[in-house]
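Novice: Below are the sequence and a predicted model; questions follow.
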2 protein chains.
Amino acid sequence: MKLATLRSDGPDGRLVVVSRDDLRWLPADPAARTLQEALNNWNSVLGKLQQLSEAVETGQGEALDAGLLAAPLPRAWQWLDGSAFPTHGALMQKAFNLPPIETEAPLMYQGMSHQFLGPHDDVPTPSEADGIDFEGEFGVITDAVPMGVSVKDAADHIKLIVLINDWSLRVIAPVEMKTGFGWVRAKPACSVAPFAVTPEELGSAWRYSRVCLDLRIDWNGKRFGAANGSAMAFGFDELVAHAAYSRSLPAGTIIGSGTVSNENCREVGSSCIAERRGIEIIDLGAPKTGFMRFGDRVRMEAEPVAGCSPFGAIDQRVVSFTT
Amino acid sequence: MKLATLRSDGPDGRLVVVSRDDLRWLPADPAARTLQEALNNWNSVLGKLQQLSEAVETGQGEALDAGLLAAPLPRAWQWLDGSAFPTHGALMQKAFNLPPIETEAPLMYQGMSHQFLGPHDDVPTPSEADGIDFEGEFGVITDAVPMGVSVKDAADHIKLIVLINDWSLRVIAPVEMKTGFGWVRAKPACSVAPFAVTPEELGSAWRYSRVCLDLRIDWNGKRFGAANGSAMAFGFDELVAHAAYSRSLPAGTIIGSGTVSNENCREVGSSCIAERRGIEIIDLGAPKTGFMRFGDRVRMEAEPVAGCSPFGAIDQRVVSFTT
C-alpha cells in the first residue's frame, strides 16, 4: 500500500491512497484525514486503507499531480536519525582523522521534526559558505511504541517506509559534533519523497528490517551514487528498540538509517558529498568536489520494485533563505 | 499573566488562566482551548487572555486543584535545551577530566518533545543502575520565529517562561555525548512546573533575557540547591536566535537554559546530582552522593516574586517503568 499527502489548508495536509504506478489517487477520508490520524489509529483504519488501495489499483480515482504532494508526514512528533552504515563512519573517521566512536550501541540523534519539506519544495539555507550537502537515507514510520519494547516486538511497530534527504551544513556539523550535543544549526529541515509504503509493498527488498534497494542520487542531472540500503549494521527494528529504551515513541515517529553507504563506495558512489570528499582526501590527499551552490538540484529515487518506483522521487533545488 | 493546562480528554489538555496566588482559575476557551492554540495565534488572543487574567485577579473563577494540572504544554513541536551556565560545564570538565568544548557558540541539543510530564506525575525510568538524576532549569516558550531572526528580534518572540526538570540518566549520558550525536537514551521525558508566565509577571527578575531567581531544589525533603538563574553566559534571546539560524521555529518551541549553576555552588548548592558529584571528586577525590533510587522525590520551585510562586512547584517521584 502506497500513501501520500496532498497539500491542503491545514498543516498536516490530506491523506490519499496512491496506485502502485503513481498515476491515480483516492482520498483516504473514509479511513483517516491525515497520515498522523491514520498512524494514531493504525490497526483500526488499516482495513479501510487496504480497501481503498485495492480500489485505486482497479482504476478508480483521480489523476495524480506530483506537484501537489507534500511530505507524507509534513510534521511529526519525533524524528530520530541513526547512522547505521559502518562504511560511512569508518570513511569519515579515516579521512578527517577523527577518534573512533566508542560505543557498540546504534548511533542516533534527535532532529527537528516540526517541518519536513515536500519532494519538490525549494530548500532554503542561510549561506553557501556553510557547506550545503544532501544525505540520502531510508527511514521508517512507527505507530505508538511502548517504552522498553523488545527488538522482536519493535519490528511490528514499523508501519511505513520512506526515503529521506537529511540536509546537512558541513562546515557547522563537525563543530557541533565536537561539543557532544549533536546537531542543531547543521541540520535544517529534511525532505521526504512523496510516497510512504507499507513493508509488503517492497516485497523481498524488505529483509531483516532493512531496505535492500539502491538509492539513486543525481546532483544537477549527473549520477552521484547508487548505494544499497541493505548494509546497515543495525536493522530498523533494532533502531526502534534502541530509541524506546527510556521513552515511549509517539505514533508517527520517524527513524532514519543515516547516510546509505556501501563498502564498494568507490564503484557505486556515495549518498552525500561529505563522503565523496572523504574518499578524495584518502585517495588523493585533498577533497576536489565542492559542496552545493544555490540553484543546484538534487534528485533521489530508489531502484524500482516490480517496475514501479516505491517512494517516488525527491527532486528539488537549494536556494538562499532570504530569497 | 499566569497560564496552566488542566488535564482533559485530549492530549493537549485545556488551557486556563490562573490567579497570581494560584488559588483560582478561569477557562481560557474564549481565547484558546489549548496553550498550543494560544501560541499559534498569540497576538490575536493576548488581549482576551489578559482580560481573563484581570477577571481571575478580582476573585472570579473556580478553586484550583493543583493535582489536576498537566505540564503547561503537555507536548510541543520542538524542545531545544541549552547549557548556558559556564560554571556547570567547567566543573564537569574538571571533575571528569573531559577535554574543553571548543566553541564560542551556545551549546544546544534537541530533545524529545512529544511528552512533558506534569508537575506531580510519577517519572518512569528503566533502571536505578542508569544513574537517575534531576536537572533543574528555566525555559522559555516562543511563538513562531522566522529563520535567521536577530537576537534583538528574538527577544520579542519569548512569550512565556517555565521551570523544567530535565531528567537525565548519568551512566548513559557520557557514552552518548562521546559519540557526538547528543542524547537519546540518556534523556527521558522532562517534567514542567504547572505555571507558564509572561515575562512581565517576573517583574525585575526578568532581566537581560534571563530568569534572575533562585531555583530551590529539595531531594527527599532536604534542600539540595538554590542556584540563581541570572548567571547564564547567553541570554534566552541569544539561544532563540542561535536555534533559528537555519530553521524556522514553530509556535510552542521550548528552549531551556541548561542546569542552573553558580560560581559559589559550594555555598548555594547544585541543580543536579552530577554537579555535586563533580564537586566531590574535585574536593574529596571521589563522589560520595549516589544517584536517585526508585521512590525518591524531588521538588523544584523558584523563589517567590511579590510573595507568589511564579511557576508553582514540581514535586514528584521516580518509579520503575515496569510498575
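Specialist: Structure received.

Novice: How about the stretch 101-250 of chain A: which residue is closest to chain B?
Specialist: residue A:182 (2.5 Å; CB to the nearest CB). (Each C-beta comes from the backbone N, C-alpha and C, glycine too.)

Novice: need the contact list for that residue.
Specialist: A:109-110, A:176, B:109-110, B:180-183 (CB atoms under 8 Å, 6 or more residues apart in numbering or on different chains).

Novice: The helix or strand bottoming out on mean pLDDT in chain A: which residues count as buried?
Specialist: Lowest on mean pLDDT, DSSP states H and E among the helices and strands of chain A sits helix A:86-96, with a mean of 89. Across helix A:86-96, burial judged by 16 or more other CB atoms under 10 Å in any protein chain shown covers A:86-89, A:91-92, A:95.

Novice: Could you save those as a markdown table and add columns showing distance to chain B?
Specialist: Putting these into a markdown table (distance: CB to the nearest CB, whole Å) gives the following:
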| residue | distance to chain B |
| --- | --- |
| A:86 | 14 |
| A:87 | 17 |
| A:88 | 13 |
| A:89 | 10 |
| A:91 | 16 |
| A:92 | 11 |
| A:95 | 16 |
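
Novice: Centre of the chain to the least confident helix or strand of chain A, how far?
Specialist: Centroid separation for helix A:86-96 versus its chain: 21 Å, with CA atoms, centre = their mean, to the nearest Å.

Novice: What lies in contact with that helix?
Specialist: Taking CB under 8 Å, 6+ apart as the rule, helix A:86-96 contacts A:83, A:98-101, A:107, A:174, A:231, A:233, A:258-259, A:261-263, A:265, A:274-275, A:277-279, A:281-282.

Novice: Give the next helix or strand downstream of that helix.
Specialist: As assigned by DSSP states H and E, the chain's next helix or strand after helix A:86-96 is strand A:108-111.

Novice: residues of that following strand that come out buried?
Specialist: A:108-111.

Novice: Can you give me every residue that contacts the residue positioned nearest the centre of chain A?
Specialist: Geometric centre of chain A, nearest residue: residue A:164, 2.2 Å, by CA atoms, centre = their mean. Residue A:164 is in contact with A:136-139, A:190-193, A:254, A:256, counting by CB under 8 Å, 6+ apart.

Novice: Then residue A:99?
Specialist: Counted by CB under 8 Å, 6+ apart, residue A:99 has contacts residue A:93.

Novice: Can you pull the phi and psi angles for it?
Specialist: With angles defined as degrees, to the nearest 10, residue A:99 sits at phi -70, psi 150.

Novice: and it, how far is that from residue B:99?
Specialist: 10 Å (CB to CB, to the nearest Å).

Novice: Share the number of residues neighbouring the nearest residue to residue A:179 once chain neighbours are set aside, please.
Specialist: For residue A:179, ignoring the flanking residues on the chain, the nearest one in space by CB to CB, 6 or more residues apart in numbering or on different chains is residue B:101 at 5.1 Å. Applying other CB atoms under 10 Å in any protein chain shown, we find 14 residues neighbouring residue B:101.

Novice: shouldn't residue A:137 be in contact with residue A:255?
Specialist: No. In this structure, residue A:137 is not within contact of residue A:255 by CB atoms under 8 Å, at 10.3 Å.

Novice: which residues are in contact with both of the two?
Specialist: residue A:81.

Novice: name the element the closest residue to residue A:289 other than its chain neighbours belongs to?
Specialist: Of all residues not flanking residue A:289 in the chain, residue A:276 sits nearest, at 5.2 Å (CB to CB, 6+ apart). Using DSSP H and E, the element containing residue A:276 is helix A:273-284.
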